[in-house]
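> Generate coordinates for the sequence data below:
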Amino acid sequence: MPIEFLGQVFSEGTSSIPYLPTILRILPWAVLVYLLRWFFGGETNKVERVMHGKVVMVTGGTSGLGAAIVDDLASKGAQIVLLVRSTQDYWLIDYISDLRKKYSNNLIYAEECDLSSLHSIRLFCTRWLDNSPPRRLDSIVLAAGVMAPPFSSRGVTKDGVEVHWGVNYLAYYHFLTLMLPALKVQPPDRDVRVLVATCAAYMLGELDLNDPEFLERGYPARRPWLVYGAAKIAVMALVAEVQRQLDEYKRPDGMPVNVKVWSVDPGIMRSPGSRRWMSLGSVLGLLGYLVTWPLWWVVLKSTDEGAQGFFAGLYDPEFGKGKGGGLIRECKVSPFRKPEIESEVLGEQLFEVSKAQVIKLEKESALERAKQKKRDEEKEAAEAAKAAKEGNDTTSKAKNKKSSGKKVAFSDEADTTAAEASATDTPKSTNKRRTKKT
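Got it, this is the predicted structure:
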């Protein structure tokens, strides 16, 4: 076919090609769109790794970036532990069932670990650590996050913490510090990696450890990226500090701790979070997003393209060697745009502030749960007493009603008992008479 086409062009000229002028007008634009799509799509991970039998925890693994990561891990046969807000969700059951069926991988299940609740995080980590021998753990992928759109009101977690600080940073601080024992006890020859999602918005953040929740400064509803970026600065400093603590830890067997912790910047994607942010969380904004979607398709990454940095961090052997605690961007190590993130002083101060805040919040949460438990017990006791009283009243009314009728002899309990006694005694007297005759 190509030879015949070229022969026709050679013999009859270009005028014999149908729609040639239209094709020539469209072709440069098509090439431009292709080049832009290729450029904004970013780097692609080219390294593969055998994941069969490896245990990977994933937060945010049911949608967006996390779902793309889970899909690839499931295709490689990894055992995936999805950390979700609630396991009592029929959609979640269908989602896991579809993944198992699609990749013939039954090693996918969910555990409840609500990042908006410090108590829920502690419960999960306690269950995981309460095992002997220690459970296997090869990787942790923390991909969940919250990004409020502009002009939205200040949100809080179940513990009353500003939602950006509470979910994007404090939850991960609580989770990683609780899971440190599980990371430290992994065999020294096991390649263990922890990846934490971040964003280029950290360059716009304003982190103040004296006011991390923007209480004194006031919540910037028109510029929520200041709060979001501050949380991302904190989580990147947390990654660097956790890596320092792991490197300084002395194992009982004298072997080094082979755990690498990385921050990963996936870039700006067409994820559910980005869609909500660009649409300002409104129906009208969503309509505008849909109208301009071809533009976003060209200049924004898909979730699969954004996940390439995570694939590199999980699969590339280079990220399991050397010094961790850095930033992975476009499938390679990238320097921090804010050098203070690597500061040991910032890391130590961040740990102190976070530890004090978590202790305070957990105490308040424990007191509230105790009060709620007491209220529930009092309510149950009151309901039981009310039910007992109603039962006694019903019984007394029934007795009075029976005693005033004409059929007293047939329903009276004393007469019934006497009748039963006489019925029981009859065989005895008969037996006695029979014995005497014999």
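
> how about Lys373, phi and psi?
phi -60, psi -40 (degrees, to the nearest 10).

> what ranges do the strands span in this protein?
Ranges of strands within the chain are 55-59, 79-84, 108-112, 139-142, 192-197, 259-265, 327-329, 332-334, based on DSSP state E.

> dump the residue contacts of the residue nearest to Tyr315 when sequence neighbours are not counted.
Leaving aside its chain neighbours, Tyr315 sits nearest to Arg49 (3.7 Å; criterion: C-beta to C-beta, 6 or more residues apart in numbering). From N, CA and C alone the C-beta is placed, and that goes for glycine too. Shown in contact with Arg49 (C-beta atoms under 8 Å, 6 or more residues apart in numbering): Lys76, Leu314, Tyr315, Asp316, Pro317.

> PyMOL command for the buried members of these?
One line in PyMOL is enough to select the buried ones among these; burial here means 16 or more other C-beta atoms under 10 Å:
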select buried, resi 76+314+315+316
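
> The closest residue to Gly155 other than its chain neighbours and Ser63, how far apart?
Closest residue to Gly155 apart from its sequence neighbours, by C-beta to C-beta, 6+ apart: Val163 at 3.8 Å. Applying C-beta to C-beta, to the nearest Å, the value for Val163 to Ser63 is 17 Å.

> The two - which one has more neighbours?
Set Val163 next to Ser63 and count neighbours by other C-beta atoms under 10 Å: Val163 wins out with 20 against 16.

> The more buried one is in contact with Ser153, isn't it?
No. Using C-beta atoms under 8 Å, Val163 makes no contact with Ser153, being 10.4 Å away.

> Per-residue confidence at the most centrally placed residue in the chain, what does it come out as?
Taking C-alpha atoms, centre = their mean, the centroid of the chain lies closest to Thr59, which sits 3.3 Å from it. In this model, Thr59 is scored at 96, pLDDT.

> bridging residues for it?
With DSSP bridges as the criterion, Thr59 is bridged to Leu83, Leu142.

> how does this structure divide into domains?
Following automatic domain parsing, one gets these domains for the chain: 2-40, 55-266+301-364, 408-437.

> so which of the ones you listed is the most packed in?
Comparing those by mean neighbour count (mean count of other C-beta atoms under 10 Å), domain 55-266+301-364 ranks first with a mean of 19.

> centre of the chain versus that domain, how much separation?
From the chain centre to the centre of domain 55-266+301-364 is a distance of 9 Å (C-alpha atoms, centre = their mean, to the nearest Å).

> and that domain, how far apart are its ends?
34 Å (C-alpha to C-alpha, to the nearest Å).

> And stretch 270-290, by the same measure?
Using C-alpha to C-alpha, one end of stretch 270-290 lies 12 Å from the other.

> quick one: Met203 and Phe336 touch, right?
No. Under the criterion of C-beta under 8 Å, Met203 makes no contact with Phe336, lying 9.5 Å away.

> isn't Trp165 right up against Ala231?
Yes. Between Trp165 and Ala231 there is a contact under C-beta under 8 Å: 5.2 Å.

> list the contacts for the residue nearest to Gly155?
Val163 makes contact with Ser116, Val146, Ala148, Arg154, Gly155, Val156, Thr157, according to C-beta under 8 Å, 6+ apart.

> and of those residues, the nearest to Pro220?
Among the contacts of Val163, Arg154 lies closest to Pro220 (C-beta to C-beta), at 9.5 Å.

> Ignoring the adjacent residues along the chain, who's closest to the closest one?
With C-beta to C-beta, 6+ apart, the residue lying closest to Arg154 is Tyr219, at 4.2 Å.

> any idea how far Asn210 is from the one you found?
With distances taken as C-beta to C-beta, Tyr219 is found 16 Å from Asn210.

> cool, and Ile26?
58 Å.

> again, but for Glu364
Distance from Glu364 to Asn210, by C-beta to C-beta: 20 Å.

> hang on, the earlier thing: and the residue nearest to the centre of the chain, how far from Ala387?
Counting by C-beta to C-beta, the separation of Thr59 from Ala387 is 44 Å.

> Identify the spatial nearest neighbour of Asn258, chain neighbours not counted.
Pro188 (5.4 Å).

> mind checking the backbone torsions on the one you found?
The phi/psi pair for Pro188 (degrees, to the nearest 10) is phi -70, psi -20.

> With the one 10 residues further on instead?
Note on Thr198: backbone dihedrals following degrees, to the nearest 10 are phi -130, psi -170.

> my read: it touches Asp265, true?
Yes. Between Thr198 and Asp265 a contact is recorded at 5.3 Å, counting by C-beta under 8 Å.

> Show me the common contact partners of those two, please.
The contact sets of Thr198 and Asp265 overlap at Leu327 (C-beta under 8 Å, 6+ apart).

> Which pLDDT value goes with the residue nearest to Tyr315?
In this model, Arg49 is scored at 92, pLDDT.

> Format the contacts of Arg49 as JSON lines; extra columns: distance to Arg375 and pLDDT.
Formatted as JSON lines, these follow (distance: C-beta to C-beta, whole Å; pLDDT from 0 to 100):
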{"residue": "Lys76", "distance to Arg375": "49", "pLDDT": "94"}
{"residue": "Leu314", "distance to Arg375": "47", "pLDDT": "95"}
{"residue": "Tyr315", "distance to Arg375": "51", "pLDDT": "96"}
{"residue": "Asp316", "distance to Arg375": "54", "pLDDT": "94"}
{"residue": "Pro317", "distance to Arg375": "56", "pLDDT": "93"}
